[in-house]
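Enquirer: Predicted model and sequence follow; I will ask about them next.
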Amino acid sequence: MNLPGSMMIAFSMYSRIPVPQVTWTKERMKYAMCFFPLIGAVIGLLEYGAFLLFRTLGFPFLEQIMPVIIPVVVTGGIHMDGLLDVIDAKSSHGETEKKLEILKDPHTGAFAIIGCGIYFLLYLAFFMEMRPAMIPAYCLSFIITRALSGLSVVTFPMAKKSGLAAAFSDGAHKRVVGTVMVLYLGISSLGVWNLAGAGAALVVSTISFLVFLYYYCMSKREFGGITGDLAGYFLQILELALVMGLAVLSHMKI
């Protein structure tokens, strides 16, 4: 077992954080997904640090815009790319095979561009509506989204036998990875409860379950399973849904 090598694979694939390059061996691939949520932990720490820094310095615009930018900068937009590809594929209203072909197309369609603009506008609007008390829950949400995305990779059916998701799924020690993802979810949920209250924990858990269920049903119905693009699509949609839920909770008198 080479856990540091597994972590390097996860960080080099799913982030732009500089790490030493290692060979993708079968042994390292078994546990690479176990470290995927740690990228979310790094994003959460950067988000919290940026929020505190710009609030202290008195830069309200940067305090609100940087949390929207940081996840894309850290990940290099790999999950956003999946979101845009799936928007194009779903907008075609074609058969499963046609949608899968669109996912492989490197060109970006008009619907993806429109969807991207709407996504960032909604994300910024909801973030601006969150109370500062919800920021800890927001920061922990990046671990939760990646834990669920990782869980789907080792439990959901694959739409095809090739591709990034299939490579990580086939190479993973699925029982270990699944167990580790559940542990991440449990610890993060307790963190949300302790830092932001029971209401925030309930909102985050409920939204995460519903979006996860939608992701499973939609992927099977429209694509015959999941791909790397669909895993990225789910992660981005869930992040937006959680920001929305925490923003709504911020305006409720509970």
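Expert: Received, thanks. Residues are numbered from 1 along each chain as shown.
Enquirer: Leaving aside the residues adjacent along the chain, what's closest to residue 87?
Expert: residue 115 (4.1 Å; Cβ to Cβ, 6 or more residues apart in numbering). Any C-beta I mention is one placed from the backbone N, CA and C, and that applies to glycine too.
Enquirer: Within the helices and strands, which one has that neighbour?
Expert: In this assignment (DSSP states H and E), residue 115 forms part of helix 110-128.
Enquirer: what sits up against that helix?
Expert: 64-65, 67-68, 80, 83-85, 87-88, 91, 138, 236, 239-240, 243-244, 246-247 (Cβ atoms under 8 Å, 6 or more residues apart in numbering).
Enquirer: after it, next one along is what?
Expert: Downstream of helix 110-128 (by DSSP H and E), the next one is helix 135-155.
Enquirer: For residue 31, what are phi and psi?
Expert: Main-chain dihedrals, residue 31, degrees, to the nearest 10: phi -120, psi 10.
Enquirer: what's the spacing between it and residue 177?
Expert: Taking Cβ to Cβ, to the nearest Å as the measure, residue 31 and residue 177 are separated by 7 Å.
Enquirer: Likewise for residue 150?
Expert: From residue 150 to residue 177 the distance is 7 Å (Cβ to Cβ).
Enquirer: and for those two, which residues touch both?
Expert: With Cβ under 8 Å, 6+ apart as the test, residue 150 and residue 177 both reach 33-34.
Enquirer: who's more crowded, those two?
Expert: Shown here are residue 150 and residue 177; by other Cβ atoms under 10 Å, residue 150 has more neighbours (28 against 23).
Enquirer: right, and the more buried one touches residue 183 too?
Expert: No - Residue 150 is beyond contact range of residue 183, at 11.5 Å (criterion: Cβ atoms under 8 Å).
Enquirer: Among the contacts of helix 110-128, which lie within helices?
Expert: Members of the contacts of helix 110-128 lying in helices (criterion: DSSP state H): 64-65, 67-68, 80, 83-85, 87-88, 91, 138, 236, 239-240, 243-244, 246-247.
Enquirer: which residues touch the closest residue in space to residue 76 that isn't next to it in sequence?
Expert: Among residues not flanking residue 76 along the chain, residue 16 sits closest, at 4.3 Å (Cβ to Cβ, 6+ apart). By Cβ under 8 Å, 6+ apart, the residues touching residue 16 are 73-76.
Enquirer: closest to residue 219 among those residues?
Expert: residue 75 (20.8 Å; Cβ to Cβ).
Enquirer: Distance check, that closest one against residue 112.
Expert: Taken as Cβ to Cβ, the span from residue 75 to residue 112 is 17 Å.
Enquirer: got the contacts of residue 16 as a markdown table, with pLDDT, secondary structure and neighbour count columns?
Expert: Formatted as a markdown table, those follow (pLDDT from 0 to 100; DSSP: H, G, I helix; E, B strand; the rest coil; neighbours: other Cβ atoms under 10 Å):
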| residue | pLDDT | secondary structure | neighbour count |
| --- | --- | --- | --- |
| 73 | 94 | helix | 13 |
| 74 | 95 | helix | 19 |
| 75 | 94 | helix | 23 |
| 76 | 92 | coil | 13 |
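Enquirer: Thanks again, I'm all set now.
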